[in-house]
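1. what's the 3D shape of this:
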Amino acid sequence: MAYEKENKEPLSPLPLKERWDLVFSGLSSLLSSTDSAHPVSRVWRHSDLAGEIASIAQAHVAELTTNFPPAREVIERMVHIGWAKLLPTLTPAGKKDEHLYLIDMEAPANELPGVPELLQGAEPGGVLCYFGALELHELSTQLPAFYHIARLEDPRPPTPAAKTPKPKPETTGPRKPRDPLGTLRFHYQGIPCYSTRRDRSLVPGTQLRQQGPRTLLRTTTLEQTLLDTLLHPLRCGGEATVLEAWERGLRRWNPERMARHLEAIARDDFDRRTGAMLELLDASEEPALTPRLRAAKARWQHTADAEPIPLLHGLDYSRVSSGWGVTLP
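-> Presented below is the predicted three-dimensional model:
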């Protein structure tokens with residue numbers, strides 16, 4: 001067998017152009033379809049794209065040989081020929097830049113993906129939620145001022161209490177104020193995009209929505225999105241946006257699905273807030289929900305000296321719905 005003198009690698013049976021064509025053909029097949037693992041095939045993180053290129057090269061190592069250019073150079077070539085476009089994200093100071101690419105040779109030169117598609121490509125396993133989910137379900141007339149994508153995680157097991165509590169370390173200087181919206185990931189087209197971690201047991205309602213031939217968006221269901229507004233009103237745009245969302249949502253919701261979500265979450269505070277919201281909006285009783293909500297209401301009424309909870313978590317109200325034990329706007 002003939003060997004190249006420089007690095008003693010076996011010569012590829014294919015000319016260099018055909019080796020590039022082989023890699024690009026594999027990429028073309030990958031990027032032409034979507035699946036649950038990567039629901040958006042037009043937007044890719046650098047690390048994900050590089051991993052797929054390395055897998056294609058490994059699968060064809062006999063034809064390419066190991067001296068074929070690395071994934072980084074393949075991506076540079078994709079940018080050079082106009083197949084890939086580096087998207088203009090602005091990462092907060094002190095954080096590593098996040099390189100995201102639009103992979104669409106047919107896209108006009110000035111076309112950019114929308115924020116939901118970009119975030120889904122940035123976090124393929126994530127779930128779009130909060131204000132952005134309100135927009136996707138057309139539950140608000142307000143354009144989102146920010147977007148969130150969540151990683152769903154299993155709930156942490158309770159940690160046993162230490163016999164002797166450890167002293168807290170002393171802090172010097174003022175603490176940096178905590179952003180109530182979560183962890184800012186980057187800005188895109190001037191819009192803040194946040195990442196957050198969420199307890200999987202509190203988010204039973206997710207779905208994949210077809211947004212285009214190469215775009216699936218993983219988002220919370222309409223009913224889960226409404227429940228999220230009760231626990232995270234600020235991340236959903238605030239009180240006025242939340243009330244509008246419920247008014248619009250009750251015209252199109254699925255009470256049976258809402259009942260399944262509440263059963264999976266299995267928390268009285270969710271049940272009581274839902275019951276109080278339906279009463280506030282003068283919604284008609286739903287057979288799928290009524291037994292569960294009435295049971296939660298009865299449990300509250302038999303609880304002595306318990307403090308009412310606000311309809312929207314974290315907001316203060318003075319008017320009390322004594323039946324639900326919920327303060328109302």
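2. my guess is Arg235 contacts Leu181, does it?
-> Yes - at 5.9 Å, Arg235 counts as touching Leu181 under the criterion of CB atoms under 8 Å. No exception for glycine: its C-beta is placed from N, CA and C like everyone else's.
3. Which residues are in contact with each of these two?
-> His148 (CB atoms under 8 Å, 6 or more residues apart in numbering).
4. Which one's more surrounded, those two?
-> Per other CB atoms under 10 Å, whichever of Arg235 and Leu181 has more neighbours is Arg235, with 20 against 17.
5. Model confidence score at that one, please.
-> In this model, Arg235 is scored at 98, pLDDT.
6. Then Lys5?
-> 41.
7. Which residue, neighbours along the chain excluded, lies closest to Glu244?
-> The shortest distance from Glu244 to any non-neighbouring residue, by CB to CB, 6 or more residues apart in numbering, is to Ser140 (5.8 Å).
8. What is the burial count for the one you found?
-> Ser140, neighbours per other CB under 10 Å, totals 21.
9. Repeat that for the one 10 residues further on.
-> Ala150 sits with 25 neighbouring residues when counted by other CB under 10 Å.
10. So it is in contact with Leu202, correct?
-> No - if you go by CB under 8 Å, Ala150 and Leu202 don't touch, sitting 10.4 Å apart.
11. which ones are touching Phe186?
-> 89-92, 98, 193.
12. Tell me the one of those nearest Trp20?
-> The shortest approach to Trp20 among the contacts of Phe186 belongs to Glu98, at 27.3 Å (CB to CB).
13. Provide the secondary structure category for that closest one.
-> coil (DSSP: H, G, I helix; E, B strand; the rest coil).
14. State whether it and Ala122 are indeed in contact, as I suppose.
-> Yes - with contact taken as CB under 8 Å, Glu98 and Ala122 are classed as touching, separated by 6.8 Å.
15. Touching both of the two, which residues are there?
-> 45, 185.
16. Who has more neighbours out of the two?
-> Remark: of Glu98 and Ala122, Ala122 carries more neighbours, 23 against 16, as counted by other CB under 10 Å.
17. Show the contacting residues for that one.
-> 43, 45, 98, 100, 149, 185, 193.
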